[in-house]
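# no sequence for this one, just the structure:
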């Protein structure tokens with residue numbers, strides 16, 4: 001295939017030439033792989049060849065879909081290469097798969113099957129009855145009452161067909177899905193993730209760009225890259241397997257599988273980790289009442305870790321991805337460090353949990369005075385309302401005074417109780433101060 005190479009000062013120059021007299025098998029293979037016709041007595045430099053092969057190896061998609069075209073000139077209808085990147089050529093691609101070789105028909109059947117799994121519907125493609133110059137095609141949904149044109153079936157259905165076509169077409173290329181969840185609902189997103197997993201097991205490769213936590217696969221969290229802007233530069237972070245052992249990874253996957261809320265933390269500018277449901281319910285409402293802006297408006301997430309022994313896992317997760325975090329906790333988990341309570345093996349102080357999460361903070365901390373220790377922990381992102389080891393948020397006067405009233409209205413939900421109190425009663429000054437310091441810490445993280 002190579003007609004020769006020239007060694008220059010800049011390195012080895014590779015070129016490809018197809019002689020006029022003989023077409024070698026390697027030339028035919030290159031034509032097949034690259035999807036081009038080699039011209040006789042023309043030199044093809046390595047950068048050009050690699051660019052073509054790279055383009056052929058990937059299926060790129062735009063994050064904005066266009067409506068499929070249905071009218072084609074003879075030249076466009078007979079074109080060999082069909083660009084699926086923005087969805088315009090979808091009808092032509094499906095028509096050729098349906099009416100092509102046995103291999104093409106097998107791919108068409110696979111597309112039909114995947115579309116049916118995603119939508120519980122069927123589609124068909126064929127010639128249109130429209131009288132217009134050129135070749136006119138039509139895609140419609142097959143319904144027991146009547147056929148429905150694709151353009152009248154909704155953006156989500158059209159996206160499902162586009163995604164089914166990309167994923168189920170077995171052409172051995174890497175598929176880049178750019179924002180595939182923009183127009184499909186959560187249930188369909190879950191089905192899409194299941195399809196991606198299944199096709200990955202069949203050795204297909206995907207690159208998914210998304211802002212949907214539903215499409216973040218807990219089973220593949222070590223393959224997730226997180227991109228963010230900071231100080232004018234784009235940064236990328238990911239979990240390095242050497243930074244997390246097998247058992248920690250299993251526990252992290254379990255946490256991420258509980259709900260999409262944990263995976264949604266990847267899309268926040270900062271995270272406030274709290275101990276329980278009362279804090280989760282009350283703090284966001286009080287913040288909005290005091291500062292006339294919601295935490296969501298600041299792109300800051302509030303997340304309940306479900307107990308004072310569960311901070312480590314979430315802190316490590318956020319730390320490995322470079323997402324700023326703060327902790328709001330009660331006094332007990334801090335006091336374990338002072339041995340005010342005799343801890344068991346299961347009860348670790350917040351300092352021990354941070355150290356195990358990879359946050360060095362223990363050196364030089366006060367080991368005698370509780371209030372001094374609390375003040376020192378603020379520089380590491382740990383905040384509390386506690387004045388002593390026994391203090392918890394439920395000890396706030398506003399909560400103690402009105403908890404009975406809230407329980408009478410919502411006897412089984414601490415979240416609803418906390419919401420009720422925060423909605424009907426003013427934010428205490430100490431909570432305002434804590435929120436100011438915690439959110440200020442998040443904004444100052446470099």
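Sure thing, it's come through. Just so you know, these numbers come straight off a predicted model, no measurement behind them.

# Could you tell me which ranges of the protein sit under the pLDDT cut-off?
Within the chain, the stretches with pLDDT under 70 are 1-23, 32-36, 41-60, 62-63, 170-171, 340-346, 446.

# how's it carved up into domains?
2-57, 71-215, 265-444 (automatic domain parsing).

# Distance to residue 234 added to the ones you listed, as CSV?
(C-beta placed from N, C-alpha, C; glycine too.) Listed next are the domains of the chain as CSV, based on distance: least, Cβ to Cβ, whole Å:
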stretch, distance to residue 234
domain 2-57, 22
domain 71-215, 13
domain 265-444, 12
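
# I'd like the ones you listed as JSON lines, with distance to residue 235 and mean neighbour count appended.
Compiled in JSON lines, the domains of the chain are given as follows (distance: least, Cβ to Cβ, whole Å; neighbours: other Cβ atoms under 10 Å):
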{"stretch": "domain 2-57", "distance to residue 235": "25", "mean neighbour count": "12"}
{"stretch": "domain 71-215", "distance to residue 235": "16", "mean neighbour count": "16"}
{"stretch": "domain 265-444", "distance to residue 235": "7", "mean neighbour count": "17"}
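
# can you tell me which of these comes nearest to residue 226?
domain 265-444 (4.7 Å; Cβ to Cβ).

# Which helix or strand contains the residue lying closest to residue 185 once chain neighbours are set aside?
In space, and not counting its chain neighbours, residue 185 is closest to residue 156: 6.3 Å by Cβ to Cβ, 6 or more residues apart in numbering. If you go by DSSP states H and E, residue 156 is part of helix 155-168.

# Show me what that helix is packed up against.
helix 90-98, helix 102-119, strand 174-178, helix 186-201 (3 or more Cβ pairs under 8 Å, 6 or more residues apart in numbering; DSSP states H and E).

# For those, please prepare a markdown table with the additional fields distance to residue 252.
Listed next are the helices and strands packed on helix 155-168 as a markdown table, based on distance: least, Cβ to Cβ, whole Å:
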| stretch | distance to residue 252 |
| --- | --- |
| helix 90-98 | 38 |
| helix 102-119 | 29 |
| strand 174-178 | 24 |
| helix 186-201 | 18 |
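
# Tell me which of those lies nearest to residue 401.
Of those, nearest to residue 401 by Cβ to Cβ is helix 186-201, at 40.0 Å.

# Return the residues in contact with residue 417.
By Cβ atoms under 8 Å, 6 or more residues apart in numbering, the contact list for residue 417 reads 278, 281, 403, 406, 407, 409, 410.

# any idea how far residue 103 is from it?
Remark: distance between residue 417 and residue 103 (Cβ to Cβ, to the nearest Å) = 62 Å.

# One more: residue 65?
Distance from residue 65 to residue 103, counting by Cβ to Cβ: 27 Å.

# Check residue 426 too.
In terms of Cβ to Cβ, residue 426 sits 70 Å off from residue 103.

# Next: residue 374.
68 Å.

# Look at residue 263 and tell me its secondary structure.
Classification of residue 263 using DSSP: H, G, I helix; E, B strand; the rest coil returns helix.

# can you check the one 3 residues further on too?
Following three-state DSSP, residue 266 is assigned to helix.

# How about it: what's its closest non-neighbour residue?
residue 226 (5.8 Å).

# cool, residue 391 as well?
residue 331 (4.2 Å).

# Contacts only, for that neighbour.
If you count contacts by Cβ under 8 Å, 6+ apart, residue 331 has them with 370, 384, 386, 387, 388, 389, 390, 391, 392.

# Test my guess that the fourth one contacts residue 375.
Same thing as residue 387. No - Residue 387 is beyond contact range of residue 375, at 11.9 Å (criterion: Cβ atoms under 8 Å).

# For the stretch 201-350 of the chain, which segments count as helices?
Listed from the start of the chain, the stretch 201-350 of the chain has helices (DSSP state H, counting those that start in this stretch) covering 246-258, 260-264, 277-291, 311-321, 331-335, 350-356.

# how about the first one: buried residues?
For helix 246-258, a neighbour-count test (16 or more other Cβ atoms under 10 Å) marks 248, 251, 252, 255, 256 as buried.

# just those residues now: which is nearest residue 194?
Using Cβ to Cβ, the buried residues of helix 246-258 come closest to residue 194 at residue 256, 15.9 Å.

# For stretch 157-169, which outside residues touch it?
59, 61, 65, 67-68, 84, 87, 90, 93-94, 97, 107, 110-111, 113-115, 118-119, 121, 123, 139, 141, 150-151, 175, 177, 180, 182-184, 188, 192, 195-196, 199, 204.

# cutoff 6 Å now
87, 107, 110-111, 114-115, 118-119, 150, 175, 180, 183-184, 199 (Cβ atoms under 6 Å, 6 or more residues apart in numbering).

# Repeat that for stretch 200-217.
Contacts for stretch 200-217 (Cβ under 6 Å, 6+ apart): 174-178, 181, 186, 189, 193, 196, 260, 263-264.

# distance between the ends of that stretch?
12 Å (Cα to Cα, to the nearest Å).

# Measure how far that stretch is from the centre of its chain, please.
8 Å (Cα atoms, centre = their mean, to the nearest Å).

# now do stretch 90-101
Put simply, stretch 90-101 sits 32 Å off its chain's centre (Cα atoms, centre = their mean).

# Likewise for stretch 88-107?
31 Å.

# again, but for stretch 241-251
20 Å.

# so how far is residue 243 from the residue nearest the centre of the chain?
For the chain, residue 216 is the residue whose C-alpha lies nearest the centre (Cα atoms, centre = their mean; 4.1 Å). Distance of residue 216 to residue 243, computed by Cβ to Cβ: 19 Å.

# Same question for residue 268.
21 Å.

# Nearest to residue 29, out of the contacts of stretch 157-169: which one, please.
Distance to residue 29 across those (Cβ to Cβ) is lowest for residue 107, with 22.0 Å.

# does the closest one really touch residue 97, like I thought?
Yes - here residue 107 reaches residue 97: they are 5.3 Å apart, a contact under Cβ atoms under 6 Å.

# Name the SS class of residue 124, please.
strand.

# which residue packs closest to it, ignoring adjacent ones?
Per Cβ to Cβ, 6+ apart, closest to residue 124 is residue 142, 5.5 Å.

# what's across from that neighbour in the sheet?
Beta-bridge partners recorded for residue 142 (DSSP bridges): residue 122.

# My guess is it contacts residue 122. True?
Yes - using Cβ under 6 Å, residue 142 makes contact with residue 122 at a distance of 4.4 Å.

# what separates the residue nearest to residue 185 from residue 70, distance-wise?
Taking Cβ to Cβ, one finds residue 156 at 20 Å from residue 70.
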